[in-house]
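J.: could you look at this predicted model? Sequence included:
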Amino acid sequence: MSSAQGWTSPTVTLSNGMQMPILGIGTSQIGGFSQDAVLHALRDCGIRLTDTSKYNGFEAQLAEAIRDCGIARGHLWLTNKLWPEDYGYETALSAFHKSCSHMGVKYLDLYMLHWPDSMQPGHSNRQLRAEAWRALEDLYEEGLCRSIGVSNFMVHHLEQLKQDCTVVPHVNQVEYHPFQQPNELIEYCRHEGITFQGYCPLAKGQALNNPTIIQVAQKYGHTPAQICIRWSIQNEVITIPKSTKRERVAENCQVFDFQLDEEDMEAINKLHDGRHVAWDPTHVE
Ligand SMILES: NC(=O)c1ccc[n+]([C@@H]2O[C@H](COP(=O)([O-])OP(=O)(O)OC[C@H]3O[C@@H](n4cnc5c(N)ncnc54)[C@H](OP(=O)(O)O)[C@@H]3O)[C@@H](O)[C@H]2O)c1
């Protein structure tokens, strides 16, 4: 399984017809940015989706990987996110153009509102989210964002956006791993035509020591990380593990040559304990 052999990650069809890879590579702040790992994912492992955000601070490093990977822009899927300090119509447009410039690209495949709280004291979150979303709608209309989405949005945030705006988000990216399975939100998103994407599929490594995960890994002769990623993908969730190590990047991509039985899927489903390893947006108004 390598891109040298022509393999690339399978895709999921969004409500606008775009084909988004079901497996990508994350670029979170923790652990830093590894050019080597990202290039290995793109060049050798068939990965086409990179997930980043202005907040992570790696746009310039990613620009180098995009430039050096040798893959045509049209075959890559680049996701970036708007940070709340830029919510508002004009500020959102300006932040988008700056992010594109830092990444050395003319358009993004997916641009998201990163977090439901506007973090602008004295202003209404709902109003600022709607203003920022209208900017994303216009960027989508112009073709500068091929799809637009939200991240960390709960049902009440999505319901407000539905009342205030026109375009239904194509994707909602939310924490998702064996300990955090927001099934009601997933059901709501799917009902509304919003593709659900998960982040922190390994629970930042916490899931890898879980006895059930280890037991399932032994049964299939795969690693705990592969079991977590396979479980997520088998639940049709777009999955973006991050590693700074090339051997782990390769390992995390080798999840399409086996399938978990229903009883093992069920055993992992039972691991939900509601814990968050990133942020909890439940109480953001
Ligand atoms: N939208 C949001 O608000 C939001 C929030 C958080 C994350 N995200 C996105 O989701 C991505 C993934 O989340 P994450 O990076 O926080 O957590 P994660 O992917 O669940 O876990 C990453 C951690 O697991 C380790 N790891 C990776 N593969 C491994 C393997 N095969 N075996 C053992 N350890 C392994 C990594 O260490 P090494 O680097 O040492 O391998 C790192 O410490 C992020 O990079 C980011 O793009 C989005």
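T.: Right, received. Where do you want to start? No experiment lies behind these values; they were computed from the predicted model shown. Numbers count the residues shown, from 1 in each chain.
J.: point me to the helix or strand that includes V284.
T.: Of the helices and strands defined by DSSP states H and E, none includes V284.
J.: show me what the host helix or strand of V249 is packed up against.
T.: Assigned by DSSP H and E, V249 belongs to helix 246-253. For helix 246-253, the packing partners by 3 or more CB pairs under 8 Å, 6 or more residues apart in numbering; DSSP states H and E come out as helix 35-44, helix 224-234. All C-beta spots, glycine's among them, are computed from the backbone N, C-alpha and C.
J.: got the angle for that helix vs helix 224-234?
T.: 40 degrees (axes from the mean of the first three to the mean of the last three CA atoms, to 10 degrees).
J.: which residue sits closest to the one residue in the chain that gets nearest to the ligand in space, ignoring its chain neighbours?
T.: Proximity of the chain to the ligand (CB to the nearest ligand atom) peaks at G26, 2.3 Å away. Take G26 and drop its neighbours on the chain: the residue closest to it by CB to CB, 6 or more residues apart in numbering is K242, 3.4 Å away.
J.: then L113?
T.: Closest to L113 by CB to CB, 6+ apart is V150, at 4.7 Å.
J.: wouldn't that neighbour be in contact with H157 here?
T.: Yes: assessed by CB atoms under 8 Å, V150 is found in contact with H157 at 7.3 Å.
J.: show me whatever sits in contact with both of the two.
T.: P116 (CB atoms under 8 Å, 6 or more residues apart in numbering).
J.: which one of the two is surrounded by more residues?
T.: V150 (27 against 23; other CB atoms under 10 Å).
J.: so what's that one bridging to?
T.: Beta-bridge pairing for V150 (DSSP bridges): L113, N172.
J.: quick one, what contacts it?
T.: M112, L113, P116, W133, H157, L158, L161, P169, V171, N172, Q173.
J.: and if you look at S94?
T.: Residues in contact with S94 (CB under 8 Å, 6+ apart) are D86.
J.: pLDDT value on it, please?
T.: With respect to pLDDT, S94 has a value of 98.
J.: which element is it on?
T.: helix 89-103.
J.: quick check: buried residues in that helix?
T.: Using 16 or more other CB atoms under 10 Å as the test for burial, helix 89-103 gives Y89, T91, A92, L93, A95, F96, S99, C100, H102, M103.
J.: for Q29, grab the count of nearby residues.
T.: 11.
J.: from the contacts of V150, which are also near the ligand?
T.: Q173 (CB under 6 Å from any ligand atom).
J.: strands along the protein, start to end?
T.: For the chain, strands defined by DSSP state E occupy the ranges 11-13, 19-21, 24-26, 49-51, 77-82, 110-113, 148-151, 171-175, 195-199, 238-239.
J.: quick check: which of those strands is buried the most?
T.: Burial of the strands of the chain is given as mean neighbour count (mean count of other CB atoms under 10 Å); strand 238-239 ranks first at a mean of 29.
J.: other SSEs contacting that strand?
T.: Counting contacts by 3+ CB pairs under 8 Å, 6+ apart, strand 238-239 is packed against strand 195-199, helix 224-234.
J.: average model confidence for the helix holding V249?
T.: 98.
J.: neighbours of the nearest residue to L42 once chain neighbours are set aside, how many?
T.: Take L42 and drop its neighbours on the chain: the residue closest to it by CB to CB, 6+ apart is C69, 4.1 Å away. Applying other CB under 10 Å, we find 20 residues neighbouring C69.
J.: now do the same contact list for C69.
T.: Taking CB under 8 Å, 6+ apart as the test, what C69 contacts is L39, L42, R43, L76.
J.: so which of the residues you listed is the most crowded?
T.: L42 (24 neighbours).
J.: can you count the residues close to K270?
T.: K270, neighbours per other CB under 10 Å, totals 10.
J.: ok, the closest residue in space to L208 that isn't next to it in sequence - contacts?
T.: Leaving aside its chain neighbours, L208 sits nearest to P224 (4.2 Å; criterion: CB to CB, 6+ apart). Neighbouring residues of P224 by CB under 8 Å, 6+ apart: A207, L208, N209, N210, I213, I214, A217.
J.: from those residues, which are also near the ligand?
T.: L208.
J.: let's have the contacts of P224 in JSON lines, adding pLDDT and neighbour count.
T.: Formatted as JSON lines, the contacts of P224 follow (pLDDT from 0 to 100; neighbours: other CB atoms under 10 Å):
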{"residue": "A207", "pLDDT": "98", "neighbour count": "25"}
{"residue": "L208", "pLDDT": "98", "neighbour count": "16"}
{"residue": "N209", "pLDDT": "98", "neighbour count": "10"}
{"residue": "N210", "pLDDT": "98", "neighbour count": "19"}
{"residue": "I213", "pLDDT": "98", "neighbour count": "23"}
{"residue": "I214", "pLDDT": "98", "neighbour count": "15"}
{"residue": "A217", "pLDDT": "98", "neighbour count": "19"}
